[in-house]
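Q: How does the following fold in three dimensions:
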Amino acid sequence: MRRYLRRGGITVRIARIGVDSSDRLGRHRWVVERTISWLLAFRRLAIRYDRSAATITAVATLAITVICARRLP
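A: Below is the predicted model:
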């Protein structure tokens, strides 16, 4: 898996016991968790009333657009 990720230009962010500190990894994890919580604030995405991929994609796109619009000055 690591070789596959390296070929794609993605660096692995896994803390190893005694080698890496997990403190450094927390910064990146927080960004992901915050973004997911913003998306799940939209009830339709959190509960998933609709099962079709097209509807879920459209609602996710709309949610991301609203989130970005709120973040603009």
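
Q: Ser52 versus the residue most central in space within the chain, what's the distance?
A: By Cα atoms, centre = their mean, the mean C-alpha position of the chain lies nearest to Val32, the distance being 4.3 Å. The gap separating Val32 from Ser52 is 26 Å, by Cβ to Cβ, to the nearest Å. Where C-beta positions appear, they are placed from N, C-alpha and C, glycine not excepted.

Q: before we move on, what about Trp38?
A: On the measure of Cβ to Cβ, Trp38 and Ser52 end up 23 Å apart.

Q: tell me the pLDDT at Ala63?
A: With respect to pLDDT, Ala63 scores 90.

Q: State the number of residues packed around it.
A: Using other Cβ atoms under 10 Å, Ala63 has 17 neighbouring residues.

Q: what's the weakest-modelled helix or strand in the protein?
A: helix 22-40 (a mean of 73; mean pLDDT, DSSP states H and E).

Q: Just after that one, pick out the following helix or strand.
A: helix 43-47 (DSSP states H and E).

Q: For that following helix, which outside residues touch it?
A: With contacts defined as Cβ atoms under 8 Å, 6 or more residues apart in numbering, helix 43-47 is touched by Leu39, Leu40, Asp50, Ile56, Val59, Ala60, Ala63.

Q: Report the distance from that helix to the chain centre.
A: Centre-to-centre, helix 43-47 and its host chain are 16 Å apart (Cα atoms, centre = their mean, to the nearest Å).

Q: What residues sit buried inside the very next helix or strand once past that helix?
A: Per DSSP H and E, the first helix or strand lying C-terminal to helix 43-47 is helix 53-71. For helix 53-71, the neighbour count (16 or more other Cβ atoms under 10 Å) marks Val59, Ala63 as buried.

Q: Outside of helix 53-71 itself, list whatever touches it.
A: For helix 53-71, the surrounding residues in contact (Cβ under 8 Å, 6+ apart) are Trp38, Leu39, Phe42, Arg44, Leu45, Arg48, Asp50.

Q: okay, the residues you listed in a markdown table with neighbour count and distance to Cys68 next?
A: Below are those laid out as a markdown table (neighbours: other Cβ atoms under 10 Å; distance: Cβ to Cβ, whole Å):
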| residue | neighbour count | distance to Cys68 |
| --- | --- | --- |
| Trp38 | 15 | 10 |
| Leu39 | 14 | 12 |
| Phe42 | 16 | 13 |
| Arg44 | 14 | 18 |
| Leu45 | 17 | 15 |
| Arg48 | 11 | 22 |
| Asp50 | 13 | 22 |
